[in-house]
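Visitor: Sequence plus predicted model, see below.
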Amino acid sequence: MTLAIFGKSSLHYHLGMVMRLDREARNYWKQQRRQMQRRTRRGRYGLLGDTPITIILIALMIISWIAERFVPGAIAALEVRPGGQILAYALAVIFPGSLLGLVFDGLFVWFIGSSIEPLIQWWQYLLVFVGSALIAAVILDRTTGAYAISSSLAAYGLAGAYVRVMMTRGIGGAARWALTLLLFNLVLSGFNDAIMIGIVSAFGSGFGIAVATGLDR
């Protein structure tokens, strides 16, 4: 099994949408960051600050891209060992596919992930990141026959969870941002069925996992 990617160029439009978040939401996160900085100065967190999981995931995305780019044989060798299929799925979830994908997915994960990570449990964060990508991949496989797992799907899962958190905190613009994000990608994808199913499935899965696990409380 090789690392699967979903739309090397098609799912990387989300960076522009990050900059179009509602002003009220941006102000909210500015206040949250000031609080995090005060906690960090009091020494309550380690070297990775308030966002260790986000930083580690981005680091793993970089490592997976380097490994696939320069030593693909090493990954193939690991996959045939006991438990290799589980490892293959884990690598696929964090694999950005290309250098451009690494840049866009990494920035998107950093912006969204670093915003919500300090507010939730570590297992909730990982469940959204991994679970949304896997659920979207299964839906894609069942509906279109396309096998695809990637960090792009995981990033959209985080976006779905982000919207849920914003909505429960009464931050205006969350639903509008979500709709704009989806419509923006619909147009730029050329109305590709597989791409849109992947985006909507990952986004919806992240939103649903946030509700099911109480991430929004």
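Guide: Looks like it came in fine. Residues are numbered from 1 along each chain as shown.
Visitor: any idea which element the most centrally placed residue in the chain lies in?
Guide: Compute the mean C-alpha point of the chain, and by CA atoms, centre = their mean the closest residue is Ala155, 1.8 Å away. Here Ala155 sits within helix 151-168, counting by DSSP states H and E.
Visitor: quick one: buried residues of that helix?
Guide: 151-167 (16 or more other CB atoms under 10 Å). Just so you know, the C-beta spots here come from the backbone N, C-alpha and C atoms, and that holds for glycine as well.
Visitor: what about dumping the CA coordinates of that helix to CSV?
Guide: Output in CSV follows, covering the C-alpha atoms of helix 151-168 (Å, rounded to 0.1, in the frame of the first residue of the first chain):
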residue,chain,number,x,y,z
SER,A,151,-3.4,15.9,5.3
SER,A,152,-5.8,18.0,3.2
LEU,A,153,-8.8,16.0,4.4
ALA,A,154,-7.5,16.2,8.0
ALA,A,155,-7.2,19.9,7.7
TYR,A,156,-10.8,20.3,6.5
GLY,A,157,-11.8,18.1,9.5
LEU,A,158,-10.1,20.6,11.8
ALA,A,159,-12.0,23.4,10.0
GLY,A,160,-15.3,21.7,10.7
ALA,A,161,-14.4,21.3,14.4
TYR,A,162,-13.3,25.0,14.5
VAL,A,163,-16.7,26.1,13.1
ARG,A,164,-18.5,24.1,15.8
VAL,A,165,-16.3,25.6,18.6
MET,A,166,-17.0,29.1,17.2
MET,A,167,-20.7,28.6,17.0
THR,A,168,-21.1,27.3,20.5
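Visitor: The helix or strand where Gly73 lies packs against which elements?
Guide: Using DSSP H and E, Gly73 falls within helix 72-79. On a contact count with 3 or more CB pairs under 8 Å, 6 or more residues apart in numbering; DSSP states H and E, helix 72-79 meets helix 52-70, helix 84-94.
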